[in-house]
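Chemist: Need the 3D shape of this:
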Amino acid sequence: MSDESTTSAPAGPPPAAPAPAPARVSRWRHRPFIEIVAVAMLSVTAILTAWCGFQASKWSGERAIAFAEASAARVEATDADGEAREARVVDLIIYAEWVTANAQGDTALADQIQARFTPHFRVAFDAWQADDEAEPGPFAMAEYVPPGTEESAERSAYAEARFADALEDTERGDNYSLLTVLFALVLFLTAMAQRDIHHVAAWIMLGLAALVALAGFVVMLTFPARL
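Modeler: Below you'll find the model as predicted:
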């Protein structure tokens, strides 16, 4: 064999090294900032949610107190009205006897019966006679106010006022409860922003969550608070 056949062919150039993969910085460089903003959003929203829950509980308690006071006032008004009705019955019976004696011309008996008039009825009776008995009877006079009448009206008005307060307290508690739902939406959007998604989508969710939280906070400032 010749020398050319035994000589090995010259080696070619070494293969080129594979190019390094481009660093994935576009997706992950925003992640630390997203996490910081998300944690801040979660912390603030948790505080606002707790405050709304506290206020809803306080207004629920105010509502229960108002309803209880309204119920008690209605019972007191009913008792006072019953007292006034009993006084009217007594006055009516005595007045009927006076009318009968006066119609029969028994002046002495009429005077005796008139002496038995109750103090509040005597005031109305004297006013009725001073007005030349123009009204159908002493019971039609404005001066006739049996005991329990004013107290019944007062307690009834107080019961109505406390019942209205209870309804208003219910509405206030419901408003705070609705805010907790709104802030729950903020928590949901913030939690979704922390998922393994594109940073643009994460920032959009955080921005939307911030807008919702800001709107809820502004609305909350218009609500009355209890401590």
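
Chemist: Extract the residue ranges of the chain that are flagged as low pLDDT.
Modeler: Residues of the chain meeting the criterion pLDDT under 70: 1-30.

Chemist: Mind doing that once more with 90?
Modeler: Applying pLDDT under 90 to the chain flags residues 1-37, 105-107, 131-137, 193-203, 226-227.

Chemist: what are the ranges of the helices in it?
Modeler: 3-6, 25-28, 31-103, 107-115, 119-130, 149-193, 199-221 (DSSP state H).

Chemist: From the contact counts, what lies against the third one?
Modeler: Counting by 3 or more Cβ pairs under 8 Å, 6 or more residues apart in numbering; DSSP states H and E, the packing neighbours recorded for helix 31-103 are helix 107-115, helix 119-130, helix 149-193, helix 199-221. Heads up, the C-betas are built off the backbone N, CA and C, glycines and all.

Chemist: buried stuff in the first one?
Modeler: Read that as helix 107-115. Neighbour counts over helix 107-115 (16 or more other Cβ atoms under 10 Å) mark Ala110, Ile113, Gln114 as buried.

Chemist: OK, contacts around the last one?
Modeler: To tie it back to what came earlier, the one meant is Gln114. Gln114 is in contact with Trp98, Phe125, counting by Cβ atoms under 8 Å, 6 or more residues apart in numbering.

Chemist: rewinding a little: need the helices of the chain in a markdown table with distance to Phe139, can you?
Modeler: A markdown table is the format used below for the helices of the chain (distance: least, Cβ to Cβ, whole Å):
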| stretch | distance to Phe139 |
| --- | --- |
| helix 3-6 | 148 |
| helix 25-28 | 91 |
| helix 31-103 | 7 |
| helix 107-115 | 16 |
| helix 119-130 | 7 |
| helix 149-193 | 12 |
| helix 199-221 | 56 |
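
Chemist: Tell me which of these lies nearest to Ala140.
Modeler: Proximity to Ala140 (Cβ to Cβ) singles out helix 119-130 among these, at 8.0 Å.

Chemist: what does that closest one contact?
Modeler: Taking Cβ under 8 Å, 6+ apart as the rule, helix 119-130 contacts 87, 91, 94-95, 114, 117, 135, 137-141, 143-147.

Chemist: most centrally placed residue in this structure?
Modeler: For the chain, Arg172 is the residue whose C-alpha lies nearest the centre (Cα atoms, centre = their mean; 2.5 Å).

Chemist: didn't that one look like it was pressed against Phe223?
Modeler: Yes. Counting by Cβ atoms under 8 Å, Phe223 is a contact partner of Arg172 at 6.5 Å.

Chemist: so what's in contact with those two at the same time?
Modeler: Gln55.

Chemist: quick one: the nearest residue to Ala110 once chain neighbours are set aside from Pro136, how far?
Modeler: Leaving aside its sequence neighbours, Ala110 sits nearest to Ala101 (Cβ to Cβ, 6 or more residues apart in numbering; 4.2 Å). Note on Ala101: its distance to Pro136, by Cβ to Cβ, to the nearest Å, is 19 Å.
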